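Trainee: this one's sequence-less:
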């Protein structure tokens with residue numbers, strides 16, 4: 001079976017790794033000309049995402065970049081530590097949370113895909129999809145086409161695949177703007193122990209940061225507000241700092257110092273999500289990752305959920321009799337989990353969940369989710385439907 005994946009980011013490349021491992025003929029088409037999409041932003045891979053990577057055989061590729069996180073701290077507005085607990089997977093190097101720049105993660109996954117012989121084409125901007133009874137054909141802006149048995153849309157929040165085939169499914173604002181920044185001087189700011197991700201219970205913003213072993217600081221701030229005006233992505237870093245610092249200086253925490261030290265390495269985006277119940281597949285086309293179930297970034301689970309998708313989809317196509325059955329099983333297994341994340345994350349962004357309480361996907365759970373472990377285990381067949389909860 002030939003599968004064409006549209007999108008060479010985290011979701012798309014991981015999906016290609018899974019499908020290739022399952023024995024499918026897979027190719028990836030990516031609109032960007034290189035791997036450095038969003039090189040200035042960073043993300044956190046949680047233990048569930050790292051577990052999915054392990055099933056894809058991609059742990060070594062990813063642990064070669066970024067740095068591990070082993071504990072979660074919460075500070076109050078005076079900078080006092082309220083709690084400090086281990087993160088899930090802290091005792092297992094393969095499952096530890098990991099802080100990594102998005103562009104470096106993209107490059108690591110794409111490098112692994114190329115190493116395995118997966119075809120990856122950059123600069124291929126999709127313009128149309130023809131979904132026929134026997135095959136699906138993608139047409140690109142340069143006039144080229146690609147035909148396959150199945151097409152997987154993994155092209156993110158602003159998915160072209162979703163817009164072409166499911167035009168009624170549109171992202172909505174989740175109530176916040178999110179700032180990201182980076183500083184090389186965080187170690188001088190009294191920012192806490194190595195390996196900790198720190199959440200700050202501030203007055204005017206939800207703030208979090210992590211410090212690398214080299215003393216580099218990675219931070220984010222979530223601020224309530226309406227969607228950004230057109231062209232906001234081009235706002236100079238000095239103006240973005242000016243928007244944040246009055247909010248952060250209300251509190252005696254490291255937040256303002258980290259932002260002040262960030263020079264030009266600041267960007268802003270809107271917290272955005274897809275409505276619950278958004279369709280995921282039609283005919284020979286299926287959506288994965290943010291294309292299907294984007295959530296606001298409050299729980300920090302977007303990349304990890306996409307990695308889970310990659311494993312479950314590959315197993316569904318491997319284990320179920322035909323694409324229709326596989327797509328339906330994939331959706332039955334994945335939808336409850338990812339829509340729970342959309343709900344929890346959206347509640348945090350809109351302030352309907354107390355910002356002082358770490359989200360369930362961020363805090364250390366009591367133990368591994370055994371049903372998820374079975375679902376992701378490569379050698380455990382995927383049933384047509386998940387077991388009924390007890």
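Mentor: Thanks, I have the structure now. Keep in mind that what you see is a predicted model, and the values were worked out from it rather than measured.
Trainee: Going by C-alpha atoms from here, please, whenever you check contacts or count neighbours.
Mentor: Noted.
Trainee: for the most centrally placed residue in the chain, helix, strand, or coil?
Mentor: In the chain, the C-alpha nearest the mean C-alpha coordinate belongs to residue 303, at 2.1 Å (C-alpha atoms, centre = their mean). The three-state label for residue 303, taken from DSSP: H, G, I helix; E, B strand; the rest coil, comes out as helix.
Trainee: quick one: contacts for it?
Mentor: 10, 11, 43, 44, 45, 49, 289 (C-alpha atoms under 8 Å, 6 or more residues apart in numbering).
Trainee: could you measure the fifth one against residue 276, distance?
Mentor: Going back to what we said before, that points to residue 45. 23 Å (C-alpha to C-alpha, to the nearest Å).
Trainee: more neighbours, these two?
Mentor: When residue 45 and residue 276 are compared on other C-alpha atoms under 10 Å, the one with more neighbours turns out to be residue 45, at 26 against 17.
Trainee: partner residues bridging the more buried one?
Mentor: residue 98 (DSSP bridges).
Trainee: Look up the pLDDT of the closest residue to residue 185 other than its chain neighbours for me, please.
Mentor: Excluding the flanking residues, the one nearest residue 185 by C-alpha to C-alpha, 6 or more residues apart in numbering is residue 216, at 5.9 Å. Residue 216 is assigned a predicted lDDT (pLDDT) of 88.
Trainee: Go ahead and confirm residue 216 touches residue 195.
Mentor: No - here residue 216 lies out of contact with residue 195, judged by C-alpha atoms under 8 Å, at a distance of 12.0 Å.
Trainee: more crowded one of these two?
Mentor: The residue with more neighbours, out of residue 216 and residue 195 and counting by other C-alpha under 10 Å, is residue 195; that gives 20 against 15.
Trainee: Let me see the contact set for residue 169.
Mentor: 162, 163, 274, 275, 278, 279.
Trainee: Now rank these by neighbours and give me the top one.
Mentor: Comparing the contacts of residue 169 on neighbour count, residue 162 comes out first with 25 neighbours (neighbours: other C-alpha under 10 Å).
Trainee: any idea how far residue 270 is from that one?
Mentor: 20 Å.
Trainee: Kindly report the same for residue 327.
Mentor: As judged by C-alpha to C-alpha, residue 327 and residue 270 stand 31 Å apart.
Trainee: where do the helices sit along the stretch 201-350 of the chain?
Mentor: Across the stretch 201-350 of the chain, reading from the start of the chain, the helices by DSSP state H, counting those that start in this stretch fall at 237-248, 255-260, 290-293, 302-319, 323-350.
Trainee: which residues of the stretch 151-300 of the chain score low on pLDDT?
Mentor: Low-confidence segments of the stretch 151-300 of the chain (pLDDT under 70): 186-191, 230-233.
Trainee: rerun at 80
Mentor: Residues of the stretch 151-300 of the chain meeting the criterion pLDDT under 80: 185-192, 228-234, 263.
Trainee: beta partners for residue 281?
Mentor: Going by DSSP bridges, residue 281 is paired in beta bridges with residue 286.
Trainee: my guess is it meets residue 323, correct?
Mentor: No - assessed by C-alpha under 8 Å, residue 281 is found out of contact with residue 323, at 10.7 Å.
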